[in-house]
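got a predicted model here, sequence first, then my questions.
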Amino acid sequence: MSYGLYDGDMLFYKGVPFFNLELMKLSSYYKRKREIINLSPKFNPNMYSNFIVRQDYPFSNPNISYADNVTFGGRAYDGDEYKPLPLEIEVMKPDTQLYNKIENDVAINKNKASTFSVMRRAEHLRLSLDGKTIWKDYQRQLRRDKGTFGVIFHDYDLGQVQNSFELVSELIPEVISRANGRRIGMKFPVQVNNETDLLKWLSLSPMSKFYSLQYNGILSLDNIEQIKELNKNSSVVKQTVINVTGNQNYQDFISTGLEQVFKRILDLRREGISFPLIYGKEFFADKRWEEVMKLIKLFSKHINEQINTTDYRERIAPYETFYSYVKTLTKEQILYGSILPKRKVQEIFQFVRENNYELFVAFYEYHGEKIT
């Protein structure tokens with residue numbers, strides 16, 4: 001029989017795709033059974049006896065339709081709870097050569113060729129089948145090749161797996177012999193809810209583009225010295241996202257938390273640090289507060305893009321306020337996918353003035369305080 005394997009996420013990526021762990025295991029399994037296996041670059045089930053679709057990201061893929069010989073799976077179809085494959089497939093060593101067929105199409109320059117090579121040479125595995133506890137047979141997935149560079153975890157959230165950090169920190173040097181290859185990647189962000197866990201995960205060496213960490217909450221300044229040290233020698237801080245509405249009470253957030261978030265952005269800027277920000281789309285009962293958050297997020301994005309330039313850090317950052325930044329926006333600046341006229345910005349400022357005067361004053365006067 002013939003099996004066409006289709007990675008529905010390939011359209012999602014702008015460049016080198018994250019290899020799909022389940023497709024690679026299915027490839028190993030059916031090759032062992034002497035079946036015909038092919039990574040299908042297009043949705044083309046009529047060319048195979050069986051066509052298997054895996055898709056993790058829930059974006060619209062117009063090429064996909066239903067047919068009798070098609071099997072669908074992955075987070076986009078099954079939801080946030082992973083549905084394991086049969087155990088005889090789960091224990092298979094992933095076939096990283098499966099993606100060779102698309103190499104010429106995606107590795108179109110030196111940088112992307114190097115990225116593709118890293119993805120192919122990495123150790124790929126899932127640490128937990130239930131999302132909570134470590135799977136006792138997880139080591140059976142490991143290829144343990146001599147040239148392995150990095151370990152990529154495909155769990156939906158390693159932060160929810162008991163004792164995952166301890167196991168990961170021990171596993172990486174065990175699996176990878178070369179010190180510069182002892183790096184961690186993950187297809188889905190590791191989510192942490194306290195700064196103790198945040199610092200632990202930040203201590204691991206990241207796999208550049210394949211690393212993702214998410215902190216849910218408002219950062220304190222208690223651990224700024226450790227974060228500054230990490231920021232000097234690693235890209236790990238730049239690849240850590242702060243979900244500012246995570247673990248927050250709505251009323252407390254709009255009365256004091258939002259001001260705290262805003263000032264923290266500028267305090268960290270004084271230390272040469274900027275984290276990308278996100279927030280819960282359904283968090284704001286009053287959508288006018290979401291408009292405020294969107295504008296603050298835009299300011300944070302501006303800082304994140306400029307923070308590494310000496311000119312910005314030394315000449316602009318000590319004096320730039322939120323208001324002085326907003327004044328630089330063009331008359332109809334394109335923001336977050338829609339046109340935001342200056343009139344709309346004025347409405348947002350007026351809303352803040354009437355509902356959170358301390359935050360309003362900070363928009364005009366706060367530059368950030370030197371922490372150390």
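Great, that's in hand.

please make it C-alpha for all contacts and neighbour counts, starting now.
Will do.

show me the shaky parts of this structure.
Residues of the chain that meet the criterion pLDDT under 70 lie in 330-341, 372.

so what's the residue nearest the centre of it up against?
Most central in the chain under C-alpha atoms, centre = their mean is Ser212, positioned 4.1 Å from the mean C-alpha point. Neighbour list for Ser212: 185-190, 239-241 [criterion: C-alpha atoms under 8 Å, 6 or more residues apart in numbering].

mind doing that once more with 7 Å?
If you count contacts by C-alpha atoms under 7 Å, 6 or more residues apart in numbering, Ser212 has them with 186, 188-190, 239-240.

who wins on neighbours among the residues you listed?
Counting neighbours by other C-alpha atoms under 10 Å, Met186 comes out on top of the contacts of Ser212 with 25 neighbours.

before we move on, back to that, now the contacts of Ser212 as a markdown table including secondary structure?
Output for the contacts of Ser212, formatted as a markdown table (DSSP: H, G, I helix; E, B strand; the rest coil):
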| residue | secondary structure |
| --- | --- |
| Met186 | strand |
| Phe188 | coil |
| Pro189 | coil |
| Val190 | strand |
| Gln239 | coil |
| Thr240 | strand |
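
quick one: the strands in the stretch 1-150 of the chain, in order.
Assigned by DSSP state E, counting those that start in this stretch, the stretch 1-150 of the chain shows strands spanning 2-7, 36-39, 50-54, 70-73, 123-125.

which other helices and strands does the first one contact?
In this case it means strand 2-7. Under the contact criterion of 3 or more C-alpha pairs under 7 Å, 6 or more residues apart in numbering; DSSP states H and E, strand 2-7 touches strand 36-39, strand 50-54.

what are the buried residues along it?
By neighbour count on 16 or more other C-alpha atoms under 10 Å, the buried set for strand 2-7 is 3-7.

so how far is that strand from its chain's centroid?
Centroid separation for strand 2-7 versus its chain: 27 Å, with C-alpha atoms, centre = their mean, to the nearest Å.

likewise for the second one?
The chain centroid and the centroid of strand 36-39 are separated by 30 Å under C-alpha atoms, centre = their mean.

for stretch 143-157, buried residues please.
Residues 143, 148-157 are the ones in stretch 143-157 that count as buried (16+ other C-alpha under 10 Å).

repeat that for stretch 198-210.
The neighbour-count check on stretch 198-210 (16+ other C-alpha under 10 Å) flags 198, 201-202, 204-208, 210 as buried.

repeat that for stretch 85-103.
89-96, 98-99.

cool, and stretch 179-198?
Buried residues in stretch 179-198, counted by 16+ other C-alpha under 10 Å: 181-193, 195, 198.

with stretch 104-119 instead?
Quick answer for stretch 104-119 (16+ other C-alpha under 10 Å): 106-107, 113, 115-119.

contact partners for the residue nearest to Asn20 when sequence neighbours are not counted?
The shortest distance from Asn20 to any non-neighbouring residue, by C-alpha to C-alpha, 6 or more residues apart in numbering, is to Asp7 (7.0 Å). By C-alpha under 7 Å, 6+ apart, the contact list for Asp7 reads 20, 53-55.

what's the closest of the residues you listed to Val175?
Distances from Val175 to those, taken as C-alpha to C-alpha, are shortest for Asn20 (20.5 Å).

and the closest one, how many neighbours?
Close neighbours of Asn20, defined as other C-alpha under 10 Å, add up to 24.
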